[in-house]
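Novice: what's the 3D shape of this:
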Amino acid sequence: MRPASEERFRSLYAAHYDHVLHFARRRTDPASAHDVVAETFLVAWRRLHDVPDGVGQALPWLYAVARNCLLNMTRGENRQRAVAVRLVTRSGIDRGEHADSVGERLEMADAWQRLTPSEQEVLALAVWEDLTSPQAGKVLGISAAAYRVRLARARRALERHLDHSPAPTVASAATLAPEASS
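Specialist: Next up, the predicted model:
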């Protein structure tokens, strides 16, 4: 950017950062609020020519951008919850007892939330997007074989969370390995 544009952005940031942060904090948790503010000013940086110059007009524009960032974040969270529900419906749960089915769905949603974002993404590509290993690998920028390894690990993590059992430690994994004969 040219020096004049950089200076305009710096002034915009200095004058409105706190206002945008308070706007976001009133609508979401503190960590997410910082993400929203960062995204808002990234948009402002990229679209500096669209930010109004008039007195008192930049802040409402930034609020509108922050609101859109919050809406995008909410849509993303809703997609993650939908994946959890879809995992349950594809898992072949016996729906004979409605109460049991609801309980199992809640357990699945809880287990899903305890997965790391990368585990969620790997599972979502397989379950929700219904991609093959080569396709999912391409999305993630890895080989099909590497994707299959990540998918297997993510499935094991999900099973651990559903079983409520702790992850195996290195020591316990070593005790399960057969001893090498000398």
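Novice: wait, residue 134 sits on residue 146?
Specialist: No - under the criterion of C-beta atoms under 8 Å, residue 134 is not in contact with residue 146, lying 11.0 Å apart. Yep, even glycine has a C-beta here, placed from its N, CA and C like the rest.
Novice: domains for this structure, by residue range?
Specialist: 3-76, 93-168 (automatic domain parsing).
Novice: Determine which of those domains shows the lowest mean per-residue pLDDT.
Specialist: Of all the domains of the chain, domain 93-168 carries the lowest average pLDDT, namely a mean of 79.
Novice: any idea how far the residue most central in space within the chain is from residue 124?
Specialist: Closest to where the C-alpha atoms of the chain average out (C-alpha atoms, centre = their mean) is residue 117, at 5.4 Å. Applying C-beta to C-beta, to the nearest Å, the value for residue 117 to residue 124 is 10 Å.
Novice: Now distance to residue 83 too, for the domains of the chain, in JSON lines please.
Specialist: Shown next, in JSON lines, are the domains of the chain (distance: least, C-beta to C-beta, whole Å):
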{"stretch": "domain 3-76", "distance to residue 83": "11"}
{"stretch": "domain 93-168", "distance to residue 83": "5"}
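Novice: do you know which of those lies nearest residue 82?
Specialist: Residue 82 lies closest to domain 93-168 among these, at 7.5 Å (C-beta to C-beta).
Novice: What is the neighbour count of residue 66?
Specialist: Residues lying near residue 66 (other C-beta atoms under 10 Å) number 24.
Novice: Might one say that it is in contact with residue 20?
Specialist: Yes - Residue 66 is within contact range of residue 20, at 5.5 Å (criterion: C-beta under 8 Å).
Novice: what sits in contact with each of those two?
Specialist: Shared contacts of residue 66 and residue 20 (C-beta atoms under 8 Å, 6 or more residues apart in numbering): 37, 40.
Novice: ok, which stretches of this protein are helices?
Specialist: Here the chain has its helices, by DSSP state H, at 3-25, 30-46, 58-90, 98-114, 117-127, 133-140, 144-163, 170-176.
Novice: Need the winner for burial among those helices.
Specialist: helix 117-127 (a mean of 19; mean count of other C-beta atoms under 10 Å).
Novice: Show residues contacting that helix.
Specialist: By C-beta under 8 Å, 6+ apart, the list of residues contacting helix 117-127 reads 80, 83, 86-87, 90, 112, 115, 131, 135-136, 139-140, 147, 150-151, 153-155, 157-158.
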